[in-house]
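In: model this:
(one chain, ligands or ions: 2)
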Amino acid sequence: MNKRALITGITGQDGSYLSEFLLSKDYEIHGLIRRASTFNTGRIDHIYTDPHLSGARLFLHHGDLSDPGQLTDLIYNVQPEEIYHLGAQSHVRVSFDAPEYTGDITGLGTTRLLEAIRRSGIKTKYYQASSSELFGASHPPQNEQTPFYPRSPYAASKLYAYWMTVNYREGYNLFACNGILFNHESPRRGETFVTRKITRALANILSGNQKELYIGNLESKRDWGFAPEYVEMMWLMLNQEKPNDYVVGTGVSYSVKDFINTAFSYAGLEIEWRGTDIETKGILKSMDTKVSASLKTGNVLIVIDPRYFRPTEVNFLQADISKAKRELGWEPRIHFSELVKVMVDYDLKMVGLGCPGEGAAACKAKGFGYTDHSTSLYEKVRQGQ
Ligand code: NAP
Ligand code: G4F
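Out: Ligands and ions are numbered 1, 2, ... in the order given. Alright, predicted model coming up:
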């Protein structure tokens, strides 16, 4: 009998990679999706099959984290052995514009799901998508003992969800784990998160479709890892003997400026930074020959737009991954420069340009087959297509 998993947020970056991973392990998957007037399943279309066909193992159910009745019905009907709660309003900057909505979906949505589990009376295991944003202003490196200091409505909502998860573990004996994941990225990353915004802008600049990249705080530092690796950790947490909370990251951090320099340099463009604060500009200093006919040295390619600043910023996140290393055997496989290359390669291809291909090669060398939206990472899932 296949194991059954329920995934909220299945249409998001992590939900899509997790689905592929669980399919490769022969799970039957049920995903909660929001009804939308346009298709919102682009990241999972390649693994979806008609549920009428025999052998279908991925089923989608309409619902919303704001609707407790639907959640209870779904959990009772599906009776999943594992629940991965990834659904959220996950954008930190947006959470300042929509603090109440973020609290409702990202915070209370978690309680609705936990209550649905409790009221339906099923025996299941629960994964909570907690975040390094919980640490906020606490000094790096951060680990499971570091005090939380949330710096946004998003982080405050995730803090509430974190403690509700602990509370249901302690109060109702629920097998519940918090994965405190540091930033993880991929070609499937939402287009308004900074890494993808940079790699898309780079591709558009090179193809002549965009003149400048407007950006916010260049100095903040993040511990950026590769999303497909991180979803494997979610599964691992639920498949330990006892439930526990784990920090997952790479242990190494870079600034937003570092990310830009690395991405542009990989595509053959060297950036020189001039000016300070909001007057800082990224100027094209040199470029490989034949990179782009429309670009000239001296062009301003990066400009600060204070609109992207946050009322309260998280300056420096860096994971101390000792516990995950010790107890789960965690070792990040894809490192910063490889991650940047994977994302740049993909976005160059998306605008019809050739790419150096070093990202895809690094992935392949480390056991990741494919990373784009239209193909699965896992051989077994690809063969079943
Ligand atoms: P994402 O790409 O933004 O995906 C969020 C998912 O939540 C989407 O499937 C979205 O559906 C769904 N969702 C949003 N509002 C909903 C609602 N009201 N009802 C039901 N579903 C709703 O996020 P991600 O990067 O995959 O991250 C997954 C989870 O991990 C999130 O909880 C995030 O906060 C957390 N996290 C992420 C990172 C990271 O670096 N990526 C790090 C730590 C924690 P639509 O597709 O319809 O919008
Ligand atoms: O890419 P970001 O928007 O990610 P952020 O805020 O770190 O949040 C992400 O990671 C969290 C884990 O730590 C998740 F919980 C959360 O759901 C989300 O996935 O911003 C990264 C940094 C910030 O310091 C931001 O101020 O980049 C800075 N930044 C500079 N310019 C920008 C921009 N961020 C965005 N989104 N857009 C900019 O133009």
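In: Which positions in the stretch 51-200 of the chain make contact with ligand 1?
Out: 64-66, 86-90, 105, 129, 131, 181, 183-184, 190 (Cβ under 6 Å from any ligand atom). Every C-beta, even on glycine, is put in place using the N, C-alpha and C of the backbone.
In: Report the buried members of those.
Out: Buried subset of these (neighbour count, 16 or more other Cβ atoms under 10 Å): 64-65, 86-90, 105, 129, 131, 181, 183-184.
In: Let me have those in TSV, extended by pLDDT.
Out: Compiled in TSV, those are given as follows (pLDDT from 0 to 100):
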residue	pLDDT
D64	98
L65	98
L86	98
G87	98
A88	98
Q89	98
S90	98
I105	98
A129	99
S131	98
L181	98
N183	98
H184	98
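In: Near ligand 2, list only the ones from those.
Out: Applying Cβ under 6 Å from any ligand atom to these, those adjacent to ligand 2 are 90, 131, 183.
In: For the second one, which non-adjacent residue is spatially closest?
Out: Leaving aside its chain neighbours, S131 sits nearest to K158 (5.0 Å; criterion: Cβ to Cβ, 6 or more residues apart in numbering).
In: helix or strand right after the strand or helix carrying the one you found?
Out: For K158, the host element (DSSP states H and E) is helix 153-172. Using DSSP H and E, the helix or strand that directly follows helix 153-172 along the chain is strand 175-181.
In: roughly how far out does the helix or strand just after that next one sit from the chain middle?
Out: Toward the C-terminus, strand 175-181 is succeeded by strand 184-185 as the next helix or strand (DSSP H and E). What separates the centre of strand 184-185 from the centre of its chain is 5 Å, taken as Cα atoms, centre = their mean, to the nearest Å.
In: helices or strands up against strand 184-185?
Out: Judged by 3 or more Cβ pairs under 8 Å, 6 or more residues apart in numbering; DSSP states H and E, strand 184-185 is in contact with strand 225-226, helix 227-238.
In: quick one: is the first one near ligand 2?
Out: No: no part of strand 225-226 sits near ligand 2 under the criterion Cβ under 6 Å from any ligand atom; the closest distance found is 10.3 Å.
In: who's in contact with that strand?
Out: Outside strand 225-226, the residues that touch it by Cβ atoms under 8 Å, 6 or more residues apart in numbering are 182-186, 248-250, 332-334, 338-339, 342, 368.
In: so which of these comes closest to ligand 2?
Out: Distance to ligand 2, by Cβ to the nearest ligand atom, is smallest for N183 among those, at 4.2 Å.
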